[in-house]
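1. 3D, please:
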Amino acid sequence: MEEIEALFASLAEAPVWDIQVPGFIDRDGTYPRFVPMADTAYLVRESDFVRMEVLDSDDQLNVQLVEAPRAPKALEGEDEEFAMSSYGELFLGDDYSSFRITKIRYALSNRSDPSAGRIRCTELEFENSLRLFADPGYFFGIRLQGAGAYERWLNFSRTAESPLGPIQEFIWSPRSTE
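-> Numbers count the residues shown, from 1 in each chain. Here you go, the predicted structure:
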């Protein structure tokens, strides 16, 4: 558990400038269009990135610091042009140019391994109570949602119909490490 909390502490040290999703440019139609590949999302910071990735069509989210985004494996050997798209305005639309993480809520299932950065899902709270919920259990990859999504997910995960199994919830904040 200490490893994931050390990672969270490093996330809080530098503000986030943007949220980006990798994909490719489809030029086959009448106009070029961006096609997202939602297995990965990046938090853009000044000197590095935080990659949130679904591994092997799993329902676990792998979170780690990386130096730069990488093209999805599905594009290897393909003709499509790798590109990144900004989703920051959807979740960080405010008058600031960067946002500090003020709280992280995350859930673990019996398949999670927090020492390896594998968690079930997470909600990042930024300054001014802006929120980003990342759920890797979505059919197309990571579902990115805003305020209220974590609570809805948590309420569903605790019902008898939920296929998620037992869930443990944790809350991390910069104050909790002092």
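2. in the protein, which spans are helices?
-> Here the chain has its helices, by DSSP state H, at 2-13, 88-92, 149-157.
3. out of those, nearest to residue 63?
-> Of all the helices of the chain, it is helix 2-13 that lies closest to residue 63, at 6.5 Å by CB to CB. Any C-beta I mention is one placed from the backbone N, CA and C, and that applies to glycine too.
4. what does the closest one rub up against?
-> With contact meaning CB atoms under 8 Å, 6 or more residues apart in numbering, helix 2-13 is reached by 43, 50, 63-65, 100-102, 104, 106, 114-117, 119, 124, 172, 174, 177.
5. hang on, the earlier thing: and the helices of the chain: which comes nearest residue 72?
-> Evaluated with CB to CB, these place helix 88-92 nearest to residue 72, the distance being 19.8 Å.
6. any idea of the mean pLDDT in that closest one?
-> Helix 88-92 comes out with an average pLDDT of 86.
7. buried ones in it, by neighbour count?
-> Buried residues in helix 88-92, counted by 16 or more other CB atoms under 10 Å: 88, 91, 92.
8. same deal with stretch 87-107?
-> For stretch 87-107, a neighbour-count test (16+ other CB under 10 Å) marks 87-88, 91-92, 99-107 as buried.
9. equivalent analysis for stretch 133-141, please.
-> Buried residues in stretch 133-141, counted by 16+ other CB under 10 Å: 133, 134, 135, 136, 137, 138, 141.
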